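> below are the sequence and a predicted model; questions follow.
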Amino acid sequence: MKKITILAGSASRHSISRTVAKEIAAQLVALPEVEAHLFDPVETPLPFYQFELDNAENFPATAADLRAHVANSDGLILVSPEYNSSMSAVLKNTIDWTTRWHGSPDMGLLAGKKAWLVTTSPGGWGGMRAHGAIKDMLVNIGLWVYPKTLALPGYYNLLNADAEPGQSPFNEQTSTQLKEAVAAYIGNL
């Protein structure tokens, strides 16, 4: 059984990257021998990382839950919007909580994990300008970054306006692209 943790990089309830993260999670659980956990900052908010909270007495339960899922994962999927050619503060904060433990750096939790980077935006680059900053950080903290990153440009053109509840919110071409990309990432774990 392959265990995957998906990190949604936006705290906005109607975020486009959150929608992509939820679709990836749905596709993962449909695969045999794959278990997926979506860490969604809308449903499970994390406080901003600060040293005063990073101790046994004050460590947030949501951060402990995040760390437990990441520790037990074979791979991580990071789905981020692009904010000023970089990642969102929410995604950076989520990663910060996984690399600190009771006041000390703890890169061992992530060392060697296989990460896949997915971005989206309404613009023509699909968040691609954020890839460099995110990949640099992930490599620096010990993750292996799957080389076939995915950028989904023109987000609103990717949607299926006629989608029924329970169906993919994306058009057929985008749904197929996501399925193939998810399968390729899982095949490389």
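In hand now; what should we look at?
> any idea which helix or strand comes after the helix or strand of the chain with the lowest mean pLDDT?
Taking mean pLDDT, DSSP states H and E as the measure, the chain has strand 104-105 as its least confident helix or strand, at a mean of 63. Sequence order places strand 114-120 as the next helix or strand after strand 104-105, per DSSP states H and E.
> quick one: name whatever helix or strand follows that next one.
Going down the chain from strand 114-120, the next helix or strand is helix 128-140, by DSSP H and E.
> which residues touch that next one?
For helix 128-140, contacts defined as CB atoms under 8 Å, 6 or more residues apart in numbering pick out 78, 80-83, 85-87, 91-92, 95, 115, 117, 119, 145, 149, 151, 153. (Glycine included, C-beta is placed from N, CA and C.)
> show the contacting residues for the closest residue to R13 other than its chain neighbours.
Closest residue to R13 apart from its sequence neighbours, by CB to CB, 6 or more residues apart in numbering: V42 at 5.3 Å. Neighbouring residues of V42 by CB under 8 Å, 6+ apart: 8, 10-13, 15, 18.
> now do N72
K3.
> roughly how far does it sit from A56?
21 Å (CB to CB, to the nearest Å).
> try I4
With CB to CB as the criterion, I4 and A56 are 29 Å apart.
> looking at those two, which one has more neighbours?
Ranked by neighbour count (other CB atoms under 10 Å), I4 and A56 place I4 first, with 26 against 8.
> give me the pLDDT for the residue of the chain positioned farthest from its centre.
Most distant residue from the mean C-alpha position of the chain: E57, 28.2 Å away (CA atoms, centre = their mean). For E57, the pLDDT comes out at 82.
> now do the SS call for it.
Following DSSP: H, G, I helix; E, B strand; the rest coil, the label given to E57 is coil.
> three-state assignment of the most centrally placed residue in the chain?
Nearest to the geometric centre of the chain sits L78, at 2.3 Å (CA atoms, centre = their mean). Under three-state DSSP, L78 falls in the strand class.
> burial count for the nearest residue to it once chain neighbours are set aside?
Leaving aside its sequence neighbours, L78 sits nearest to L7 (CB to CB, 6+ apart; 4.9 Å). Neighbour count of L7, defined by other CB under 10 Å: 24.
> so is L7 in a helix, a strand, or just coil?
strand.
> check contacts around it.
21, 39, 76-79, 91, 94-95.
> also S80?
Residues near S80 by CB under 8 Å, 6+ apart: 9-10, 17, 87-88, 91, 117-119, 127, 130, 134.
> ok, what's across the strand from it?
As for beta bridges, S80 partners with T119 under DSSP bridges.
> distance check, it against R100.
Distance of S80 to R100, given as CB to CB: 20 Å.
> for the protein, which spans come out with low pLDDT?
101-107 (pLDDT under 70).
> helices along the chain, start to end?
Taking DSSP state H to define them, one finds helices in the chain at 16-29, 61-71, 89-98, 128-140, 172-187.
> now render those helices as CSV, adding mean neighbour count.
Below are these laid out as CSV (neighbours: other CB atoms under 10 Å):
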stretch, mean neighbour count
helix 16-29, 21
helix 61-71, 16
helix 89-98, 21
helix 128-140, 17
helix 172-187, 16
